[in-house]
Structures are given as structure tokens and as C-alpha cells.
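Student: Model the structure of this input:
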Amino acid sequence: MKSPKSAPAPTIATVLRVVGPKPSLWITAFREARRFVPDEWWRSRPYLPVPDPAFLAFRSETQYGSGDHAVEPHDLEVWLRWCRSEYQRQRG
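Tutor: Numbers count the residues shown, from 1 in each chain. So this is what the prediction gives:
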């Protein structure tokens, strides 16, 4: 696996392209984005609520077989739809 710093986060453009025209995924995308942000993110650089690069590299490695593969828009949409259905299923 490559260095965690090389793991690409989903770009704003990718997220907007997937979520923007699908208002039904907005809340799910926000909820999941919050889950990826480390606790007390403001205590360490880059002082922004961004996911841990090592975690993104791990997810990329398990999804695509490469720690530096960018998230594909279709995969992001499928994952968000799955998250939404799981949340609804758990709530009954």
C-alpha cells in the first residue's frame, strides 16, 4: 500500500456530481461525511474536518486494490444509497 498521504479523498466535484442532482442523498452524504471525520479534528493539522488519509488509503485498497485509486462517482452513489437503506432498515 502506498503512503497514507497519497490516498485521494473524494473531491468536492465528485461529491457534488453524485449528490448535487439527488436531493434524496444529501442527508445521507452529510451523515456519512461526519462519520469519516476523526474526533477532535481541530487539534491536529490540517485543522480541517477531513478524513484520515490512512483510513482513505485503506478503503481505497480494499475497494479498488490500490491505495491511491480515486473514488469513482458511481461507486460513491451506490455506497450512499446502501448507507441510506441500512439507516432506514435499522430505524424500522
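Student: helix/strand/coil for residue 71?
Tutor: Using DSSP: H, G, I helix; E, B strand; the rest coil as the criterion, the local structure at residue 71 reads coil.
Student: Can you tell me how far residue 59 is from residue 92?
Tutor: 29 Å (CB to CB, to the nearest Å). In short, each C-beta sits where N, CA and C put it, glycine included.
Student: Compare the two (neighbour count), which wins?
Tutor: residue 59 (17 against 4; other CB atoms under 10 Å).
Student: Pop out the phi and psi values for the more buried one.
Tutor: phi -60, psi -40 (degrees, to the nearest 10).
Student: switch to numbering from 19
Tutor: Shifting the count to begin at 19 puts that one at residue 77.
Student: ok, it to residue 60 distance?
Tutor: 23 Å.
Student: And residue 107, by the same measure?
Tutor: When distance is defined by CB to CB, residue 107 is 33 Å away from residue 60.
Student: Equivalent analysis for residue 41, please.
Tutor: 30 Å.
Student: ok, now residue 71?
Tutor: 17 Å.
Student: ditto for residue 100
Tutor: For residue 100, the distance to residue 60 equals 30 Å [CB to CB].
Student: higher neighbour count, these two?
Tutor: residue 100 (11 against 8).
Student: confidence score at the more buried one?
Tutor: Per-residue pLDDT puts residue 100 at 95.
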